[in-house]
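# Pasting the sequence and the predicted model now:
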Amino acid sequence: MLSRERLLATFLDLVQIPSPSGQEHDVAQTIVGRLQTLKLPIRQDEAGN
């Protein structure tokens, strides 16, 4: 079940990471880390998306 509080907390965590256009690496790495913790598959393209 989706928790609105957890979703909001995750969103707020991510938007606090400095990530100007073209420099989103830190946000991507944070998301990758969270997905790895959940043991979910990760696939990134050449641009890091």
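Structure received. These numbers come from a predicted model, not from an experiment.

# need the contact list for residue 31.
Going by C-beta atoms under 8 Å, 6 or more residues apart in numbering, residue 31 touches residue 14. From N, CA and C alone the C-beta is placed, and that goes for glycine too.

# pLDDT averaged over the one helix or strand it maps to - what is it?
Element membership for residue 31 (DSSP states H and E) is helix 25-37. Per-residue confidence for helix 25-37 averages out to 94 on the pLDDT scale.

# Show me which residues of that helix are buried.
For helix 25-37, the buried set under the neighbour-count rule, 16 or more other C-beta atoms under 10 Å, comprises residue 27.

# how far does that helix sit from the chain's center?
Helix 25-37 sits 5 Å away from the centroid of its parent chain (C-alpha atoms, centre = their mean, to the nearest Å).

# And stretch 35-47, by the same measure?
Here the centre of mass of C-alpha atoms in stretch 35-47, compared against the chain's by C-alpha atoms, centre = their mean, lies 10 Å away.

# residue closest to the middle of the chain?
By C-alpha atoms, centre = their mean, the mean C-alpha position of the chain lies nearest to residue 31, the distance being 2.5 Å.

# In this structure residue 14 contacts residue 27, no?
Yes. Using C-beta atoms under 8 Å as the test, residue 14 is close enough to residue 27 to be in contact (5.9 Å).
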